[in-house]
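# Coordinates for the following, if possible.
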Amino acid sequence: MAQILVLTDPSEADGEVIYSESVGSVHLEGHAGAQLVERLRWAVRDAQIAEHRAMLREASATRSEQPAA
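Have a look, this model is predicted:
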């Protein structure tokens, strides 16, 4: 069975798996397909949030490592 993965961008963060689901062609039809697309939308949004948080943590860590002027 095929699998759908939504990962954060490894160049932006640690490449975290946000969503993983095994799917068949039957999952792409009708109401089940609409539900799958909705779960994908949520997963993509969650990945974007995770990448943004990782970017903020990295920027904060970089600032705290710099000597005070």
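# mean confidence for the helix or strand where residue 49 lies?
Assigned by DSSP states H and E, residue 49 belongs to helix 30-65. Averaging pLDDT along helix 30-65 yields 90.
# how far is that helix from where the chain is centred?
Helix 30-65 sits 4 Å away from the centroid of its parent chain (Cα atoms, centre = their mean, to the nearest Å).
# Kindly report the same for stretch 27-46.
14 Å.
# Just the CA atoms of it, as PDB, please.
Taking C-alpha atoms only, stretch 27-46 is exported to PDB below (Å, rounded to 0.1, in the frame of the first residue of the first chain):
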ATOM      1  CA  HIS A  27      -9.100   6.600  -0.200                       C
ATOM      2  CA  LEU A  28      -9.100   9.100  -3.100                       C
ATOM      3  CA  GLU A  29     -12.700   8.800  -4.000                       C
ATOM      4  CA  GLY A  30     -15.800  10.600  -2.800                       C
ATOM      5  CA  HIS A  31     -16.100  11.500   0.900                       C
ATOM      6  CA  ALA A  32     -13.000   9.600   1.900                       C
ATOM      7  CA  GLY A  33     -11.000  11.600  -0.600                       C
ATOM      8  CA  ALA A  34     -12.300  14.800   0.800                       C
ATOM      9  CA  GLN A  35     -11.400  13.700   4.300                       C
ATOM     10  CA  LEU A  36      -7.900  12.700   3.200                       C
ATOM     11  CA  VAL A  37      -7.400  16.200   1.600                       C
ATOM     12  CA  GLU A  38      -8.500  17.800   4.800                       C
ATOM     13  CA  ARG A  39      -6.000  15.800   6.800                       C
ATOM     14  CA  LEU A  40      -3.300  16.700   4.400                       C
ATOM     15  CA  ARG A  41      -4.200  20.400   4.700                       C
ATOM     16  CA  TRP A  42      -3.900  20.200   8.500                       C
ATOM     17  CA  ALA A  43      -0.600  18.300   8.200                       C
ATOM     18  CA  VAL A  44       0.900  20.900   5.800                       C
ATOM     19  CA  ARG A  45      -0.200  23.700   8.100                       C
ATOM     20  CA  ASP A  46       1.300  21.900  11.100                       C
END
